[in-house]
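> here is a sequence together with a model predicted from it:
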Amino acid sequence: MHELFTGNDVATGIEVKRFLETKLFRLALVAYLGLVVCNSWCPFAKAADQVAAVGKAPDAAPNSNDKKPYAKEAVEHYNRGIELHTSGFMSQAISEYRAAIEADPRMEEAFSNLGVIYAAQHNYAKAKDAFTEALKLKPNRPTTLNGLGTVLYAQHKFDEAKDKWLQAVTIDPNFSSAYYNMGNAYESENKLQEAKKAFAQALSVTPTMADAYYRLGVIMYKEHHYAQAGAMLRRALLFAPEGEFANDARRMLKNIERELDRSETTAKETRSQPAKSTRITPPAAKEKASTTGDGKSKSPNMFIQPGQDKGSSENESK
């Protein structure tokens with residue numbers, strides 16, 4: 001979401017409130033946007049990173065050929081929309097963002113924030129339209145591409161979603177949320193190697209992303225790599241001890257401890273057992289076993305075809 005500007009500050013783009021940098025803003029996002037990571041899998045990234053638009057609203061439209069400032073009326077509606085949005089009054093915020101767009105259709109930030117609200121309300125058709133309109137005005141906004149990707153994935157358009165996330169990280173290689181979303185997508189498709197790679201890329205950008213550690217731990221747990229899974233889960237809890245996944249992570253850690261203890265016990269029992277002797281059939285017994293009652297040698301037949309033994313008995317009876 002964009003930060004708040006007063007009408008007098010529009011021409012210079014001076015920031016009045018740093019909503020994105022305040023703890024209150026982040027808590028509000030978690031509370032009402034519904035874009036946090038689920039205990040199992042959900043397509044949305046962390047709330048603070050999922051916001052479609054960037055923090056600083058420009059004083060003019062995003063088109064480089066259009067330097068004209070936004071209309072004053074549009075800015076006033078937009079700022080009221082921001083206040084309502086951060087206070088949790090979604091319906092009123094929608095009305096203000098729409099009024100801002102009506103006053104100045106170039107206001108890409110209002111389209112993006114509309115997309116965020118609609119996505120949180122699971123109104124994916126409207127969210128897609130809003131994000132699409134924002135991208136027409138500003139095609140290279142990574143956060144908007146990321147938001148559109150989550151909507152497309154919710155609509156089961158998996159390849160299109162991953163394409164949007166890939167565009168986002170191509171524009172901004174340090175955009176960890178898009179890597180994380182790609183990892184979730186690959187994991188849901190059981191493409192675990194690709195998922196692990198994407199989560200690792202997210203962590204290379206944001207080493208404190210607890211959710212990525214958790215997802216890696218879950219994958220390694222499924223693959224029975226218990227020691228590695230334990231390390232990832234403990235790392236996740238280190239950075240987010242009260243995270244949405246915390247209870248599941250602690251439960252898996254207990255299971256991992258039991259599995260490792262069981263493996264260690266089995267290994268000790270195996271080492272303590274004496275080696276078993278192998279019985280060798282004497283040559284005479286082998287010779288006896290390989291002859292028929294009339295003393296003739298019987299060639300071994302390892303594979304018996306259906307009906308072969310029956311046919312042989314019939315021939316012998318004749």
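Ah, there it is.

> and Phe175, backbone torsions?
Phi and psi for Phe175, reported as degrees, to the nearest 10, are phi -90, psi 90.

> that one and Glu223: what is the separation?
As judged by CB to CB, to the nearest Å, Phe175 and Glu223 stand 28 Å apart. Heads up, the C-betas are built off the backbone N, CA and C, glycines and all.

> which one of the two is surrounded by more residues?
For Phe175 and Glu223, the more surrounded residue by other CB atoms under 10 Å is Phe175, and the numbers stand at 23 against 12.

> dump the residue contacts of that one.
142-143, 146, 168-169, 205 (CB atoms under 8 Å, 6 or more residues apart in numbering).

> widest-spaced pair of those residues?
The largest distance within the contacts of Phe175, taken as CB to CB, falls between Thr143 and Val205 and amounts to 14.6 Å.

> those two: which has the busier surroundings?
Using other CB under 10 Å as the criterion, Thr143 and Val205 rank with Thr143 on top: 24 against 18.

> ok, then the element right after the helix or strand harbouring the more buried one?
Here Thr143, judged by DSSP states H and E, is contained in helix 142-154. Next along the chain after helix 142-154, taking DSSP H and E as the criterion, comes helix 158-171.

> in the lengthiest helix in the chain, what counts as buried?
Scanning the chain for the helix with the most residues, using DSSP state H, yields helix 246-272. Of the residues in helix 246-272, 246, 248-249, 252-253, 256, 259 count as buried by neighbour count, 16 or more other CB atoms under 10 Å.

> returning to what we had before: what angle separates the helix holding Thr143 from helix 158-171?
Here helix 142-154 points in a direction 170 degrees away from that of helix 158-171 (axes from the mean of the first three to the mean of the last three CA atoms, to 10 degrees).

> which strands or helices does helix 142-154 pack on?
For helix 142-154, the helices and strands in contact under the criterion 3 or more CB pairs under 8 Å, 6 or more residues apart in numbering; DSSP states H and E are helix 47-50, helix 108-120, helix 124-137, helix 158-171, helix 176-188.

> tell me the mean pLDDT for that helix?
The average pLDDT for helix 142-154 rounds to 95.

> low-scoring stretches of the stretch 201-318 of the chain, by residue?
273-318 (pLDDT under 70).

> show me the helices in it, by range?
Assigned by DSSP state H, counting those that start in this stretch, the stretch 201-318 of the chain shows helices spanning 210-222, 226-239, 246-272, 283-289, 308-317.

> Val116: which of the ones you listed is closest?
Nearest of those (CB to CB): helix 210-222, 19.0 Å.

> who does the closest one touch, helix- and strand-wise?
For helix 210-222, the packing partners by 3+ CB pairs under 8 Å, 6+ apart come out as helix 176-188, helix 192-205, helix 226-239, helix 246-272.

> make a markdown table from the ones you listed and add distance to Ile219 to it.
Output for those, formatted as a markdown table (distance: least, CB to CB, whole Å):
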| stretch | distance to Ile219 |
| --- | --- |
| helix 176-188 | 6 |
| helix 192-205 | 5 |
| helix 226-239 | 8 |
| helix 246-272 | 12 |
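
> among those helices, which comes closest to Thr132?
Thr132 sits nearest to helix 176-188 of all those, at 17.5 Å, using CB to CB.

> list the buried residues of that closest one.
For helix 176-188, a neighbour-count test (16+ other CB under 10 Å) marks 176-187 as buried.

> what is the nearest of those residues to Lys138?
Set against Lys138, the nearest of the buried residues of helix 176-188 by CB to CB is Ala178 (16.4 Å).

> the closest one reaches Thr150, doesn't it?
No - Ala178 lies out of contact with Thr150 (CB atoms under 8 Å); the separation is 9.8 Å.

> so which of the helices of the stretch 201-318 of the chain gets nearest Ala71?
Ala71 lies closest, by CB to CB, to one member of the helices of the stretch 201-318 of the chain: helix 210-222, at 40.1 Å.

> go through that closest one and flag the buried ones.
Under the neighbour-count criterion of 16+ other CB under 10 Å, helix 210-222 has 210-221 buried.

> quick one, it and helix 192-205 angle?
Using the same axes, to 10 degrees: helix 210-222 against helix 192-205 is 150 degrees.

> show me the contacts for Thr206.
Taking CB under 8 Å, 6+ apart as the test, what Thr206 contacts is 176, 212.
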